[in-house]
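Colleague: need coordinates for the below:
(one chain, ligands or ions: 1)
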Amino acid sequence: MDIKICGLSTEDTVAAALNGGATHVGFIFFPRSPRHVAPQQAAALSGAAKGRAQVVAVTVDADDATLDTLVRVVEPDMLQLHGEETPERVRAVKQRFGLPVMKAQAISNLADLTAAQRFAGVADRLLFDAKAPKGAVLPGGNGVAFDWTLLAGLDASLPYMLSGGLNASNVGDAVARTNPSGLDISSGVERTPGIKDVALIESFFAAIRSATQRAA
Ligand SMILES: O=C(O)c1ccccc1NCC(=O)[C@H](O)[C@H](O)COP(=O)(O)O
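Modeller: Predicted structure coming up:
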């Protein structure tokens, strides 16, 4: 199963993610986020991930000029579009940059899952995240889970990462209920918003290991 630790901003937490077995490390480029990093900072941090994990640049309705800079400086393996991007925009981004795109889809009901099907054959992967609570400043990283039972009977033609409010206590249950091809976590491995914690990252991976051993 793929595992993405998102919103990293320090060397020790990148190392903890990689040592734990992260297949993806995410860097946030959204100035209002407490996890926001400058492209040069992400480039320096992601050096450790080269050849070990996919580097994911997370953006929100970014324009071409912003993406040009990110792609040039960070050299990500994948772009995560976490705003209101349409299938046409996803297509254009893929064409311009030649990189795989993971499209985030906010989920609060079955209609949101149906809407996600617009990206079939367009995005390389979906990331199902909880809809941001009313008044939230961020479209992601809010530590809120959605109702995983909505995923029952999902047309699995598009691979997805399960995201939103995951932590060491609930990830076993999440895996057992949804059997996703990937997991994504941010605030569940933080001490305070934006501050990742090595011990929490290690606990998260330990919880995944025991969940997958139980399932085997
Ligand atoms: O995490 C952020 O600050 C963020 C800001 C703007 C857009 C996306 C953001 N995060 C995207 C992610 O992939 C998070 O890992 C995902 O939303 C899950 O977050 P959490 O519920 O805190 O685990």
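
Colleague: how far away is the closest residue to Phe29 other than its chain neighbours from the ligand?
Modeller: Closest residue to Phe29 apart from its sequence neighbours, by C-beta to C-beta, 6 or more residues apart in numbering: Thr59 at 5.2 Å. For the C-beta atoms, the positions are set from N, CA and C on the backbone; glycine is no exception. Separation of Thr59 from the ligand (C-beta to the nearest ligand atom, to the nearest Å): 8 Å.

Colleague: dig out what Thr59 forms beta bridges with.
Modeller: Going by DSSP bridges, Thr59 is paired in beta bridges with Phe29, Leu81.

Colleague: what's it in contact with, if anything?
Modeller: Phe29, Phe30, Thr66, Leu67, Leu70, Leu79, Gln80, Leu81, His82, Gly83 (C-beta atoms under 8 Å, 6 or more residues apart in numbering).

Colleague: of the residues you listed, buried ones?
Modeller: Phe29, Phe30, Leu67, Leu70, Leu79, Gln80, Leu81, His82 (16 or more other C-beta atoms under 10 Å).

Colleague: any idea which element the most centrally placed residue in the chain lies in?
Modeller: By C-alpha atoms, centre = their mean, the chain has its centre lying nearest to Asp184, at 4.8 Å. Secondary structure assignment for Asp184, by DSSP states H and E: strand 182-185.

Colleague: just the residues contacting the very next helix or strand once past that strand, thanks.
Modeller: Per DSSP H and E, the first helix or strand lying C-terminal to strand 182-185 is strand 190-192. Outside strand 190-192, the residues within contact range by C-beta under 8 Å, 6+ apart are Gly7, Lys196, Asp197, Leu200.

Colleague: so which of those are in strands?
Modeller: Those of the contacts of strand 190-192 mapping onto strands are Lys196, per DSSP state E.

Colleague: rewinding a little: near the ligand too, which of the buried ones among the contacts of Thr59?
Modeller: Filtering the buried ones among the contacts of Thr59 for neighbours of the ligand using C-beta under 6 Å from any ligand atom leaves Phe30, His82.
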